[in-house]
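Chemist: Curious how this folds, go ahead:
(chains A and B)
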Amino acid sequence: MSSKEFFVNRYKTLGWIYKEVKLKQAIRINTMNANRDTVVKRLESLGIMLEKIPFLKDGYWIHKSKFSVGATAEYLLGLYSIQEAAAQIPATLFTELEDKTVLDACASPGGKTVQLANRMNNSGVIVALELKQRKMFALANQLERNRVTNTATYNMNAKEATKLNMKFDCVLLDVPCSGNYVTDKDWFSKRTIEDVHRNARLQRQILTEGVEVTKHGGEIVYATCSLEPEENELNIDWAIGALNVEVEEINCHGEKGLTTVFGKELDSSIEKCRRIWPSQTQGFFVCKLRKLA
Amino acid sequence: MTMKEIKDFVAQFDARIPLDESRIVRNRNRYYLLSKKLKQQAPKGFFYAGAYLGAVKGAAFFPSFILLSMVAESKANKLVIDKKTAWLFICGRDIFKKGILKGNNLKKGDYTLILNEHNECLGFGKIMHNLREEPDVNKVVVKNILDIGDFLRREKRQSKRQQHSSRVQGRDRTPHKYFRRS
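Modeler: Numbers count the residues shown, from 1 in each chain, chains lettered A, B, ... in the order given. Purely as a prediction, here's the structure:
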């Protein structure tokens, strides 16, 4: 059995039929730097045809453009960011962000960090961690271009976040994951189930550390762009039992999280998570946890 | 000493901006302006923090675009240019007199911020001829020193540097000394 057949069969068992998906490029308006309608009008005057993403307040798909939307003056001035539609969801899930202390545990390239700063209107504090030093420059450029001024970045492993000696109101865990076939045409030939298990172990370590640095009552948003339940529902099921957290209701695009995975019954609260099978967006999984007192 | 490079740079535009020196932090050769909260809460050892103001390299000060935007909000030497000229400026080109919409009283040798029709700062340049006296509209009157297209050029440089590094060592390695932490 080929790697592709293996994974496609798994998706079928989980209730989804594999299909080819052509990803649409998406942008997010940085409303702390400009008015949404003004930016839309300016882009349309350049000949860029936009389509509003129905499930996102500031998100638009690029319907048609004769040139790269990453090379306009508006982009270089930080009026919008290029950010895939599903990837725009996690930062919108925190209840309240203004003046809060926020951790972005796996920050580079910084799209979600900018989005958090945008929601915070540059108030409060964001601590952004990135493990790979070479990615620190891309993160810094992103923050400067988008005029983010409330963030401090650290070349640090998210698994060591307790070394910061800080407690956070909100923690974004956009953890390293196996990805999905929509964003990588060679995904099936590159990935094995061993990779998935290895990533799931790493994600549990980051989850543990993320919960540890969250204040009691604080919010944790966990997200992956993986379709594999080991990195998603099974990790959250494990977190409910092992860490001091509960799953919170969220209202966003996507289907309910799976509560039966390969014959295993999971905690019923996992249906509050959201699983996004590839269609209008890439594959994605997101959930909000609250640290119990 | 911390503020001198920044103050001198801002003064070149005949401008002054209020900066709270107690909240300016120098990290390696880079200056950052931290909010009160960030100053109190952010642990030491950061790579980048707050509003990045610029970097010192030898005797030269390289401003950030955040600093230029701050200067642009105050009274300062400014030129507003038309749409086509703005695009060419972002691509690294100098400015012809015919592209200037506002700000014709600057003199040769002055430094000026360059703004687009929306009054957004695109970078800065140096005046090459007294603008009021220059009759030839097809003459370059402002030399481009820094423009926001630099964000794209930086990405290219960094990506080339990384490709070179991986060829040399076959793995990630310490970045160029300009970015290295002390």
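
Chemist: Up against chain B, what does chain A have?
Modeler: A:70-71, A:73, A:76-77, A:101, A:123-125, A:127, A:132-134, A:136-141, A:143-145, A:147, A:149-155, A:164-166 (CB under 8 Å from any CB of the partner chain). All C-beta atoms are positioned from the backbone trio N, CA, C, and that covers glycine.

Chemist: How about residue 63: what's its closest non-neighbour residue?
Modeler: Looking at chain A here, since you left the chain open. Nearest-residue entry for A:His63: A:Met49, 4.1 Å, with adjacent residues in sequence omitted and distances by CB to CB, 6 or more residues apart in numbering or on different chains.

Chemist: oops, chain B please
Modeler: B:Gly54 (4.2 Å).

Chemist: cool, and B:Asn138?
Modeler: Nearest residue to B:Asn138 in three dimensions, chain neighbours excluded: B:Phe96, at 5.9 Å (CB to CB, 6+ apart).

Chemist: tell me which residues form a beta bridge with that neighbour?
Modeler: B:Val140 (DSSP bridges).

Chemist: and the residue nearest to B:Pro63, bridged to which residues?
Modeler: The residues paired with B:Gly54 through beta bridges, assigned by DSSP bridges, are B:Tyr31, B:Pro63.

Chemist: what's the burial count for it?
Modeler: Here the neighbour count serves as a burial measure; for B:Gly54 (other CB atoms under 10 Å in any protein chain shown) it reads 21.

Chemist: So the residue nearest to A:His63 is in contact with A:Val69, correct?
Modeler: No. Counting by CB atoms under 8 Å, A:Met49 stays clear of A:Val69, with 11.0 Å between them.

Chemist: gap between A:Gln83 and chain B?
Modeler: Between A:Gln83 and chain B the distance, using CB to the nearest CB, to the nearest Å, works out to 16 Å.

Chemist: Next up, the contacts around residue 78.
Modeler: By default, I'm working from chain A. Applying CB atoms under 8 Å, 6 or more residues apart in numbering or on different chains, one finds that A:Gly78 lies in contact with A:Asn30, A:Asn33, A:Arg145, A:Asn146, A:Arg147.

Chemist: switch to chain B, that's the one I care about
Modeler: B:Ala72, B:Lys102, B:Gly103, B:Thr112, B:Leu113, B:Ile114, B:Leu115.

Chemist: quick one: which of those has the most company?
Modeler: Scoring the contacts of B:Lys78 on neighbours with other CB under 10 Å, the highest-scoring entry is B:Ile114 at 30 neighbours.

Chemist: Mind listing the residues bridging to that residue?
Modeler: In this structure, B:Ile114 has beta-bridge partners B:Leu79, B:Gly123, where bridges are defined by DSSP bridges.

Chemist: Correct me if wrong: it contacts B:Glu120.
Modeler: No. The pair B:Ile114 and B:Glu120 fails to qualify as a contact (CB under 8 Å) at a distance of 9.9 Å.

Chemist: about what we covered before: tell me which two of the contacts of B:Lys78 sit farthest apart.
Modeler: Within those, B:Ala72 and B:Lys102 form the most distant pair, 13.2 Å apart (CB to CB).

Chemist: Which SSE is immediately downstream of the lowest-mean-pLDDT helix or strand in chain A?
Modeler: The helix or strand with the lowest mean pLDDT-type score in chain A, counting by mean pLDDT, DSSP states H and E, is helix A:187-190 (a mean of 94). Helices and strands here follow DSSP states H and E; after helix A:187-190, the next one along the chain is helix A:193-212.

Chemist: Among A:Met49 and A:Val69, which residue is more densely surrounded?
Modeler: A:Val69 (19 against 13).

Chemist: Skipping adjacent residues, who's closest to A:Ala293 in space?
Modeler: A:His216 (4.4 Å).

Chemist: Please list all residues in contact with that neighbour.
Modeler: Applying CB under 8 Å, 6+ apart, we find A:His216 in contact with A:Lys291, A:Leu292, A:Ala293.

Chemist: Give the helix, strand or coil label for it.
Modeler: Under DSSP: H, G, I helix; E, B strand; the rest coil, the three-state class of A:His216 is strand.

Chemist: What distance do you get for it to chain B?
Modeler: The separation that A:His216 has from chain B, given CB to the nearest CB, amounts to 18 Å.

Chemist: that older thread, compute the distance between the residue nearest to A:His63 and A:Lys24, please.
Modeler: Going from A:Met49 to A:Lys24 by CB to CB, to the nearest Å gives 12 Å.

Chemist: Now do the shared contacts for the two.
Modeler: Taking CB under 8 Å, 6+ apart as the contact criterion, the common neighbours of A:Met49 and A:Lys24 are A:Ile62.

Chemist: that older thread, tell me the gap between the least confident helix or strand of chain A and the middle of its chain.
Modeler: 22 Å (CA atoms, centre = their mean, to the nearest Å).

Chemist: Name the residues of that helix that are buried.
Modeler: Neighbour counts using 16 or more other CB atoms under 10 Å in any protein chain shown place A:Trp187, A:Phe188 of helix A:187-190 among the buried residues.

Chemist: what ranges do the strands span in chain B?
Modeler: Remark: strands of chain B, listed N- to C-terminal, are B:24-27, B:30-33, B:48-49, B:51-57, B:60-63, B:78-81, B:95-96, B:100-102, B:111-115, B:121-127, B:140-147; assignment by DSSP state E.

Chemist: Include mean pLDDT when you put these into JSON lines, please.
Modeler: Below are the strands of chain B laid out as JSON lines (pLDDT from 0 to 100):
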{"stretch": "strand B:24-27", "mean pLDDT": "94"}
{"stretch": "strand B:30-33", "mean pLDDT": "96"}
{"stretch": "strand B:48-49", "mean pLDDT": "98"}
{"stretch": "strand B:51-57", "mean pLDDT": "95"}
{"stretch": "strand B:60-63", "mean pLDDT": "94"}
{"stretch": "strand B:78-81", "mean pLDDT": "97"}
{"stretch": "strand B:95-96", "mean pLDDT": "96"}
{"stretch": "strand B:100-102", "mean pLDDT": "95"}
{"stretch": "strand B:111-115", "mean pLDDT": "98"}
{"stretch": "strand B:121-127", "mean pLDDT": "97"}
{"stretch": "strand B:140-147", "mean pLDDT": "96"}
